[in-house]
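Chemist: Build me a model:
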Amino acid sequence: MRAKRKNSRFLLLCGLIAAAIFLLSSQAEALRFVMYADSRSNNLENPIDEQVLNLINQKILKLRPQPEFVIFAGDMALRGGTENFERWKSLMKTVTDQGIQLYIAIGNHEFYQEDSSGLHLVNQQQFQEVFNFLPANGPNDHYRHLAYTFTSADGDSFFAVLATYYVDPVTHKEYDGVLTPAQLTWVENELANSTATHKFVIAHRPVFSVQSQTPEPTLRELWQIMDDNRVDIYFCGHEHLYSRKTIGPDVDPSYLNNVVQVLAGSCGAPLVSRESVKVNMRQWNVRLTYNFSVVDVIDCRVKVRTYALYVLSHERPVFPLIDSFLRKTINCLPQAFSWSRFFPRLMPDHIN
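Modeler: Numbers count the residues shown, from 1 in each chain. Below you'll find the model as predicted:
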C-alpha cells in the first residue's frame, strides 16, 4: 500500500514538473534572423548579381525555423536610382512574401548614378521613397528610413541601423563613409536607454577594415559608444568577403566589453583578392567567399552560424558552414527554461 502511495506521489510530482517545463518552455521563444550584404554586380547592364542573391534567398526560405526577419547591409546594385531599387525590392519578394520582414542599411552604391560614383542627394531621396516601409524613428525627419531602431517582438533584442553614407538635404554636405554628429548623439542615447538583453548595431561600412587597419574617427567614436553600452555584435558589409573579429583590449585598451564585428560582405558582389587583405586571415576569421549569417538569440546567448555559397559548374550549389561562434551576455539571467539548453543541435550546423 505504501509503495503504491509513493508511486502515485512520484507520478504526480513528475506530472507537475512536466507541466511547469511545458509552460516555461513556451515562454522561452528563440529569435532567428539572417544577415547579409552586397549583392551588386560589376556590370552596368546587369547591376545586381541576381543569380547569387536568388540562390541565397532560396536557401534562407529552407531554414527551419524560418527567420523572423532579414537584414541587408547595403550595396544592393552597382548603381542606385528608383529603377534599380524597385528591381532589387522585387527580387526580395521571394523572402518578404513568406512573411519575413526586411530591414536595410544604406550603402555607398545606393548613391551612385550611371555616369558618376559621387554621393547624390536625389538617390537618397529615391531610396527613402522606395523603401518607405522601413522605420522612420531616427535622429530627425531627414533620416527617415535611413537611420532607425527596432526591437524584437519579445523586447529582448534591440537593433540600431545607421547610415555611414549620407547627404544632408539642407547643406548638401556629403558624409562619405562617416557618421554624422546627429547619428552619434542619437545612437548613444538609444543604446543607453534600451533595457534589452541583447543589442545589435548595423551599418554598411566596417569600423575595422580588413583592408586598411586605421578606423575612421567617427566610426572609432561609434565603437567606443557600442563598447560602453555592451553591444553584442556590429554587423556590416562593404568589403566583399566574410570576417569575424572580437574587438577587445588587444586592439585598444579602452575597449573592455569585447564587441564582435561581423563583416558579411558579399551575396554577389565581386570578391576581394587575398593580396588586398592586410590582416592575419586566421585571427580575423577571413573567408573569401559569398556568405550569409544565421543568428539565433535565446535567453543570454547569441549563436551565429555563417554559410558560404559555392556555385560549381553543372552541379547544384553547396552551402558549407564556414564559421560559428557563441556569445554569452554578461550579467544576464535566463528568462525561462529552454529545451535548447539540453538539445543545442536543434539549430543545425549544416544546411543542405
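
Chemist: which residues of the stretch 201-350 of the chain score low on pLDDT?
Modeler: 331, 333-350 (pLDDT under 70).

Chemist: hmm, try it at 50
Modeler: 336-347, 349-350 (pLDDT under 50).

Chemist: just the helices in it please.
Modeler: 217-228 (DSSP state H, counting those that start in this stretch).

Chemist: ok, which stretches of it are strands?
Modeler: 233-236, 242-247, 259-264, 290-298, 301-309, 321-328 (DSSP state E, counting those that start in this stretch).

Chemist: Buried deepest among the ones you listed, which one?
Modeler: Stretch with highest mean neighbour count among the strands of the stretch 201-350 of the chain: strand 233-236 (a mean of 26; mean count of other C-beta atoms under 10 Å). Where you see a C-beta, it was placed from the backbone N, CA and C, and this is true even at glycine.

Chemist: Contacts for that one next, please.
Modeler: 35, 37, 71, 73, 200-207, 223, 226, 259-265, 293, 295, 302, 304, 327 (C-beta atoms under 8 Å, 6 or more residues apart in numbering).

Chemist: contacting residues for C267?
Modeler: 36-39, 49, 52-53, 56, 290-292, 309.

Chemist: Would you check how far apart the residue nearest to S212 when sequence neighbours are not counted and F208 are?
Modeler: In this structure, S212 finds its nearest non-sequential neighbour in K278, 6.6 Å apart by C-beta to C-beta, 6 or more residues apart in numbering. Here K278 is placed at a distance of 11 Å from F208 (C-beta to C-beta, to the nearest Å).

Chemist: which of these two has more neighbours?
Modeler: F208 (22 against 12; other C-beta atoms under 10 Å).

Chemist: SS state for K59?
Modeler: Following DSSP: H, G, I helix; E, B strand; the rest coil, K59 is assigned to helix.

Chemist: just checking, it touches R316?
Modeler: No: at 11.2 Å, K59 does not count as touching R316 under the criterion of C-beta atoms under 8 Å.

Chemist: higher neighbour count, these two?
Modeler: Each of K59 and R316 has its neighbours counted (other C-beta under 10 Å); K59 has more, 18 against 8.

Chemist: so what pLDDT did the more buried one get?
Modeler: pLDDT for K59: 97.

Chemist: what number of residues lie near the nearest residue to it once chain neighbours are set aside?
Modeler: Among residues not flanking K59 along the chain, F319 sits closest, at 5.7 Å (C-beta to C-beta, 6+ apart). Close neighbours of F319, defined as other C-beta under 10 Å, add up to 19.
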